[in-house]
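Peer 1: I'd like to go over a predicted model; first the sequence, then the structure.
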Amino acid sequence: MFSAPSLGYDTAFVIMVARRRLELIALLVLGMLCVPVCARAQRSPHVPRLGYLGLDVTMAPQRQAAFLDGLRALGYEEGRTIAIEYRWAEGRPDRLPALAAELVGLPWISW
């Protein structure tokens, strides 16, 4: 009967090496599967939204510019890292409560 030549390795050693290879392959595969999940977890699709309520749009350019400068100083950029909902009362203070209620009624958290 024919028998394979012995290379001098112990059977237990061969099994240990095979097990280590399988462990390494399993870790690599799990690592590759986790990369997209981890990367997706770091990026949040949620953009904070602010409500800006003003009395008159013609009186607001300086105030609005200062408001946006303050946001930029905090690291926010309108349209990119923060969304701003503007509402103007057009010089009529009696419209402010309705506009405030409109802002409060907006869906502020959108995932």
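Peer 2: Everything's here; your move.

Peer 1: how far does the helix or strand of the chain with the lowest mean pLDDT sit from its chain's centre?
Peer 2: One helix or strand of the chain scores below all others by mean pLDDT, DSSP states H and E: helix 11-42, with a mean of 72. Mean C-alpha position of helix 11-42 versus that of the full chain (C-alpha atoms, centre = their mean, to the nearest Å) differs by 28 Å.

Peer 1: what's downstream of it, the next helix or strand?
Peer 2: Going down the chain from helix 11-42, the next helix or strand is strand 49-54, by DSSP states H and E.

Peer 1: buried sites along that following strand?
Peer 2: residue 54 (16 or more other C-beta atoms under 10 Å). Glycine gets a C-beta too; all of them are placed from N, C-alpha and C.

Peer 1: what helices and strands are in contact with that strand?
Peer 2: In terms of contacts (3 or more C-beta pairs under 8 Å, 6 or more residues apart in numbering; DSSP states H and E), strand 49-54 is packed against helix 61-73, strand 83-88, helix 96-105.

Peer 1: so which of those gets nearest residue 19?
Peer 2: strand 83-88 (53.6 Å; C-beta to C-beta).

Peer 1: could you give the mean pLDDT of that closest one?
Peer 2: The average pLDDT within strand 83-88 is 88.
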